[in-house]
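**Student:** Requesting a structural model of the entry that follows:
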Amino acid sequence: MTEWHTPSATELADLATRLRDLDWSWELSEVPELAAEFGWRVVANNPNWVMLDTGLGVGSGKVHGEDGKAVRIETRLTDFVEEDAAGTARLRTVFAEMTGALTEALGAPTARIPGRWPQIRWAGPAQTVVLTQSPVSVVLFLVTAARLAGDDRNIEVEKHSR
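**Tutor:** Down below sits the predicted model:
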């Protein structure tokens, strides 16, 4: 079995704090400078996104954008797991541990979104730090308040249209 990579509690707290406190233009054209500041590497880009290597390989991070403005910065925190019961259990455990570490670093979450793919949020005035569990990994992202509100609206519309 290969080694499974996750940040230490200290590394995670540092990353989340740096993201929470980020004072940046949110211009997609300035992602290379942002990436350098975080020790990440730009892998590819197009007008609406920039793909990064944030330490776990190509595509382990991405900056999403709209009309030249960044709206979400994301970085995968874990290697991928198999989409099976053991993988899900592993992610659930790591997600809980990371939630604890981030709560200690950032304070009480402002929102807990339960479900199959849970989210824990720490909202600020203009942007929110989000820890989420996907089917195959745990991801941390920083999202603008406007984008998060739009994403939440879309989720509600999907729920009611089923």
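**Student:** When you work out contacts or count neighbours from here on, use the C-alpha atoms and nothing else.
**Tutor:** Will do.
**Student:** Tell me the buried residues in the lowest-mean-pLDDT helix or strand in the chain?
**Tutor:** Ranked by mean pLDDT, DSSP states H and E, the helix or strand of the chain with the weakest confidence is helix 145-161, at a mean of 77. By neighbour count on 16 or more other Cα atoms under 10 Å, the buried set for helix 145-161 is 145, 147-148.
**Student:** which residues touch it?
**Tutor:** Helix 145-161 is contacted from outside by 71-72, 125-128, using Cα atoms under 8 Å, 6 or more residues apart in numbering.
**Student:** which of those lies closest to Ser8?
**Tutor:** Distances from Ser8 to those, taken as Cα to Cα, are shortest for Thr128 (21.6 Å).
**Student:** now that closest one: how far from Arg121?
**Tutor:** Note on Thr128: its distance to Arg121, by Cα to Cα, to the nearest Å, is 7 Å.
**Student:** can you give me the strands in this protein?
**Tutor:** Assigned by DSSP state E, the strands in the chain fall at 41-46, 49-53, 58-66, 69-76, 111-113, 119-123, 127-133, 138-144.
**Student:** before we move on, the earlier item: would you mind putting the buried residues of helix 145-161 into JSON lines with distance to Lys159 alongside?
**Tutor:** Below are the buried residues of helix 145-161 laid out as JSON lines (distance: Cα to Cα, whole Å):
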{"residue": "Ala145", "distance to Lys159": "21"}
{"residue": "Arg147", "distance to Lys159": "18"}
{"residue": "Leu148", "distance to Lys159": "17"}
